[in-house]
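Novice: Structure for this input, please:
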Amino acid sequence: MGVEGAYPLLIALWLLPMASAIALWAFGPQLRTAAGPIGAGIVGVCFALALFSWPDAVQRAHGALGAHLTLFSWGSGFDFGLLWDPLSLTWTLIITGVGFLIITYAIGYMEGDGAYARFFAYMTFFIFAMLTLVLSDNFVGLLVGWGGVGLASFFLIGFYIDRKTAVAAARKAFVINVVGDVGLMFAILVIVTQVGSTTYAETFARLGQFSNTALVLACVGIFIGCAAKSAQVPLHSWLPDAMEGPTPVSALIHAATMVTAGVYLIARCWPMWNASPDARDLAGSIGGLTALMGAILGCAQWDIKRILAYSTMSQIGYMVMGVGVGAYDAGVLHFLTHAFFKAQLFLGAGLVIHALANEQDVRKMGGLRTKMPFAFWAMLVGVLAICGIPPFSGFFSKDAVIYGALEHGHPYLYAIGVLTAAITAYYMFRLILVTFFGTYRGEVDPSDLGIRHPELAGMPPHAAPQAHHSHQPGPIMNVPVAILMIPTTAFGWLAIGPDSPWERFFGQLFAGGTHVEKVPASIGEGLSTLIVLALVLVGIGLAYLRYGTSAAREHAVERLRTESVHMPPVLANAFYFDAAIDALFVRPAQALGRFMGRVVDPIVIDGAVREAAIVAVSLGNRFRMLQGGLVRGYALTIVVGVICVIAYYAVMGAGR
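Specialist: Below you'll find the model as predicted:
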C-alpha cells in the first residue's frame, strides 16, 4: 500500500475513538453492559489499523520519514495535519494495543458499576485525545490533544463523584496540568515569533532563525508542559493522588500513556534539544532527580496503587533523563517496555484489589501467593522487569538509559540512575513480600479465597472506594494480564546489538541535523551492567532480610505497625512539596479570593454600580426640575443662556 493509501486508514484510526465516545455517552443507558465490549472493540480496531499501516510509517515519503497528511490550513505556516512516522507509530501502538487490553480488563473490573457506560465513554475519549496528541504534525494540534488528555484525566480520576477525595484529586491534577498547558502555549508563541509557523517540519528546518535566548525559552516552555504532564519534580504531586480513580484508569492513563506524553514531546522536538545544551541539562537533571525522589518516596508507601504510582514517577524520570541528555532511542525504548510491565503491574494489583473488596493497604494483605497464584506470578514478572533483572524487558531499556547518561557526558546522572535502580529493587520486592508471603492480615472477609484474617490492630481502616463482597477475577480480567506478560518478558531481546530490530526501526528517526556528541565513557557497557545488576541484587537482598525471612514474617504485624508510626516526617509528607505548594500558591490564592469576595466585589465593583445608579437618579432629578412645563421658565432659561454666550465672547474679545 502506498503512502496515499495510508491516509483513509490514518483518519479512521484517529476519529473512531471519538465516534465511540459520543455514541457511548449518548446511548449509554440503552447500551448498558454492551458499552464495554463496544469501547474495547473500537480500540481493538484502531490497533489493527495501526498494525496494517506499519509499513507506511517507516518508508520515505516526500523527502521525509513517514506519511504526512495536511487536513486544512488557515495561513502560511499554520497547517493542521497528521504525521505517521516511527515515533507516532510507537506511541499509537501502545495507546491502542495496551489500551485495548486495559479496556477489555475494565469490562470485568467495572461490572455492576452504576456509571458503566460513562466510564467507557471517558476511556475512548481519552484514546482519541491521546491519538490527537501523537498524530498531529504541528504544535497547535498537539496542544489540542494535550488539553484533551488533561480533561479526560480529570473525568476519570474524579469518576467516583460521590467521594470528596476523588474530586479533590481530579481538581488537583487538572490545575497542575493547566500549568503545563500554559508553559506549552508560551513555547508555541515563542516559536511563532521566531519562524512564523507552528508545524514541526518548518520549525525544525528553521532553527537557525532562533536566537539563543529564544531557543532556550521555547525549550523551557516545552519542558514545563512535559514536567506537568509527566509528573516531574516539582509538578509531580498530582500523580499519587490520581490513584483515586479506578485501577484501569491508573493502568492506562497514569502508567502507560498520558504521563509519557512529555517523553514523546521531547523526543518529537529532538532537533531543538540537540541545538540547546542548556535545555538538555535542564531536562536530564530534572529527570534524574525525579527518578531518585520517586524511588525514595515509593519506600514510604503502603497503598499498593500509590507504591506503583511513585514507581511510575521514578521510571518516567528515567525516560526524561534519557531523552533529555540525547539518548532518545534509549528513552523511547524504556517507554515501550515500561508501558508493558507497568500496565501489567497495575492490572495485577487490580486483581488483588478486586478480590479483596477494594482493599489497597498492603499491610492488610499477606499470604496471597497460594490463594491468588496467577496474580502473584503476574506481579512478580512485572517486578522483575521494573527492577531490571535479565532477561526481562526492563533490564535492557533501563540499562540503556543509565549508560546513555554516561555516554553523553553526565556521570552524576549515571550515578543517580544506578542508585535509583537499587532503591527500586528494594521497595518493589518489599511490595511482593508483604503482599503475597506470610499470613493474611486483613480486615475484609475474603471467604471466597479461604484466607484467615486476624486484625492488624492499631492501623486506621482503609477508605475503600466501594464496599462489595470479595471474589476471584474472571477470564475477562486474567487474559489481558497474561498477554501483557509476553512482551514484559520478551520484548527487550529485540533491542540487543547494533543491528537489532529496534535499531533498524529507529535507525533514521533521530538522524540528521545537529548531533549530541558522545564522550568516551570511563567504564564499558558490560561492566556498567554488572554494577547495576549487583546493586539491584543488594536491594532485593535487603528487602528479603527485612520482610522475607521466617523471623521477619513471624513479627510482620508489629514490624509494619512500627514502621508506619516511625516513618520519617520528611518521607511521610513526601518532601513537603504539597505543603510548599499550599503555602506558596493555594493559601495566597484563597486569601486573594476571600479579599475579592468580601471587599473588592461588594464594595468596589458592586459599590461602583450602586454609585452610578445613585448619580444617575440624582442627575435625573436635577434635570427633571428644568422641565416644569411653564413657558416663562423656558423663556428665562433662553435669556440666561443668551446672556452667558454674549458675555463669553465679550470677555474673549476684550482679552485679545
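Novice: per-residue confidence for the residue nearest to His68 when sequence neighbours are not counted?
Specialist: Nearest non-adjacent residue to His68, counting by C-beta to C-beta, 6 or more residues apart in numbering: Leu83, 5.5 Å away. Glycine gets a C-beta too; all of them are placed from N, C-alpha and C. pLDDT recorded at Leu83 is 90.
Novice: that's a strand at Leu83, yeah?
Specialist: Yes: looking at Leu83 with DSSP: H, G, I helix; E, B strand; the rest coil, it is inside a strand.
Novice: can you pull the contacts of it?
Specialist: Leu83 makes contact with Gly66, Ala67, His68, Leu69, Leu135, Ser136, Asp137, Tyr200, according to C-beta atoms under 8 Å, 6 or more residues apart in numbering.
Novice: Please, a PyMOL command that selects the buried ones among the residues you listed?
Specialist: Only the buried members of the contacts of Leu83 end up in this PyMOL selection, burial being decided by 16 or more other C-beta atoms under 10 Å:
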select buried, resi 66+67+68+69+135+136+137+200
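Novice: need the contacts of Leu83 in JSON lines with secondary structure, pLDDT and distance to Val532, can you?
Specialist: What follows is these, written out as JSON lines (DSSP: H, G, I helix; E, B strand; the rest coil; pLDDT from 0 to 100; distance: C-beta to C-beta, whole Å):
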{"residue": "Gly66", "secondary structure": "coil", "pLDDT": "64", "distance to Val532": "35"}
{"residue": "Ala67", "secondary structure": "strand", "pLDDT": "73", "distance to Val532": "39"}
{"residue": "His68", "secondary structure": "strand", "pLDDT": "76", "distance to Val532": "40"}
{"residue": "Leu69", "secondary structure": "strand", "pLDDT": "82", "distance to Val532": "43"}
{"residue": "Leu135", "secondary structure": "helix", "pLDDT": "94", "distance to Val532": "36"}
{"residue": "Ser136", "secondary structure": "strand", "pLDDT": "93", "distance to Val532": "37"}
{"residue": "Asp137", "secondary structure": "coil", "pLDDT": "90", "distance to Val532": "38"}
{"residue": "Tyr200", "secondary structure": "helix", "pLDDT": "91", "distance to Val532": "35"}
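Novice: Relative to Leu24, which of the contacts of Leu83 is nearest.
Specialist: Leu135 (21.7 Å; C-beta to C-beta).
Novice: Quick check, that closest one in contact with Trp84.
Specialist: Yes: using C-beta atoms under 8 Å, Leu135 is in contact with Trp84, at 7.2 Å.
Novice: Need the residues touching each of the two.
Specialist: By C-beta under 8 Å, 6+ apart, Leu135 and Trp84 have these common neighbours: Leu10.
Novice: just to revisit the earlier point, go through the contacts of Leu83 and say which is closest to Leu9.
Specialist: Ala67 (9.5 Å).
Novice: returning to what we had before: and of the contacts of Leu83, the nearest to Gly145?
Specialist: Closest to Gly145, out of all of the contacts of Leu83 and judged by C-beta to C-beta, is Ser136, at 6.3 Å.
Novice: Quick check: closest non-adjacent residue to the closest one.
Specialist: Spatial nearest neighbour of Ser136, chain neighbours left out: Leu142 (4.8 Å); criterion: C-beta to C-beta, 6+ apart.
Novice: In the protein, what helix or strand scores lowest on average pLDDT?
Specialist: strand 60-61 (a mean of 46; mean pLDDT, DSSP states H and E).
Novice: Skip the chain neighbours and tell me the closest residue to Lys299.
Specialist: No, residue 299 isn't Lys; it's Cys. Per C-beta to C-beta, 6+ apart, closest to Cys299 is Tyr427, 4.5 Å.
Novice: how about the helices of the stretch 351-500 of the chain, start to end?
Specialist: 368-371, 373-387, 393-407, 411-436, 475-490 (DSSP state H, counting those that start in this stretch).
Novice: can you list these in CSV and add mean neighbour count?
Specialist: Shown next, in CSV, are these (neighbours: other C-beta atoms under 10 Å):
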stretch, mean neighbour count
helix 368-371, 18
helix 373-387, 23
helix 393-407, 26
helix 411-436, 23
helix 475-490, 20
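Novice: between those, which one is nearest to Arg163?
Specialist: The closest of the helices of the stretch 351-500 of the chain to Arg163 is helix 475-490. By C-beta to C-beta, the value is 22.9 Å.
Novice: other SSEs contacting that closest one?
Specialist: Helices and strands touching helix 475-490, by 3 or more C-beta pairs under 8 Å, 6 or more residues apart in numbering; DSSP states H and E, are helix 99-109, helix 328-355, helix 373-387, helix 393-407.
Novice: Go through these and name the closest to Gly208.
Specialist: Among the helices and strands packed on helix 475-490, helix 328-355 comes nearest to Gly208, with 21.3 Å by C-beta to C-beta.
Novice: what angle separates the closest one from helix 99-109?
Specialist: Here helix 328-355 points in a direction 10 degrees away from that of helix 99-109 (axes from the mean of the first three to the mean of the last three C-alpha atoms, to 10 degrees).
Novice: sorry, back to before: surely the residue nearest to Cys299 and Gly294 touch.
Specialist: No: applying C-beta under 8 Å as the test, Tyr427 and Gly294 come out as separate, 10.2 Å apart.
Novice: quick one: Ala385 and Ala343 touch, right?
Specialist: No: applying C-beta under 8 Å as the test, Ala385 and Ala343 come out as separate, 11.2 Å apart.
Novice: shared neighbours of those two, which are they?
Specialist: Between them, Ala385 and Ala343 share no contacting residue under C-beta under 8 Å, 6+ apart.
Novice: What's the separation between the closest residue to Leu542 other than its chain neighbours and Leu235?
Specialist: The shortest distance from Leu542 to any non-neighbouring residue, by C-beta to C-beta, 6+ apart, is to Tyr426 (5.5 Å). Here Tyr426 is placed at a distance of 26 Å from Leu235 (C-beta to C-beta, to the nearest Å).
Novice: Where does the most centrally placed residue in the chain sit: helix, strand or coil?
Specialist: Nearest residue to the geometric centre of the chain (C-alpha atoms, centre = their mean): Val259, 2.5 Å. With three-state DSSP as the basis, Val259 sits in helix.
Novice: what's the neighbour count on the residue nearest to it when sequence neighbours are not counted?
Specialist: In this structure, Val259 finds its nearest non-sequential neighbour in Ser230, 5.2 Å apart by C-beta to C-beta, 6+ apart. Number of residues near Ser230 (other C-beta atoms under 10 Å) recorded here: 30.
Novice: Give me the phi and psi for Ser230.
Specialist: Torsion angles at Ser230 (phi, psi; degrees, to the nearest 10) stand at phi -100, psi 20.
Novice: Spell out the residue ranges of the strands in this protein.
Specialist: Here the chain has its strands, by DSSP state E, at 60-61, 64-65, 67-73, 79-84.
Novice: Output the contacting helices and strands for the third one.
Specialist: Under the contact definition 3+ C-beta pairs under 8 Å, 6+ apart, strand 67-73 sits against helix 3-31, strand 79-84.
Novice: Pull the number of nearby residues for the residue nearest to Thr165 when sequence neighbours are not counted.
Specialist: Excluding its sequence neighbours, the residue lying closest to Thr165 (C-beta to C-beta, 6+ apart) is Glu244, at 5.5 Å. Neighbour count for Glu244, taken as other C-beta under 10 Å: 26.
Novice: got it, and Val144?
Specialist: 15.
Novice: which ones are touching it?
Specialist: So Val144 contacts Thr132, Ser136 (C-beta under 8 Å, 6+ apart).
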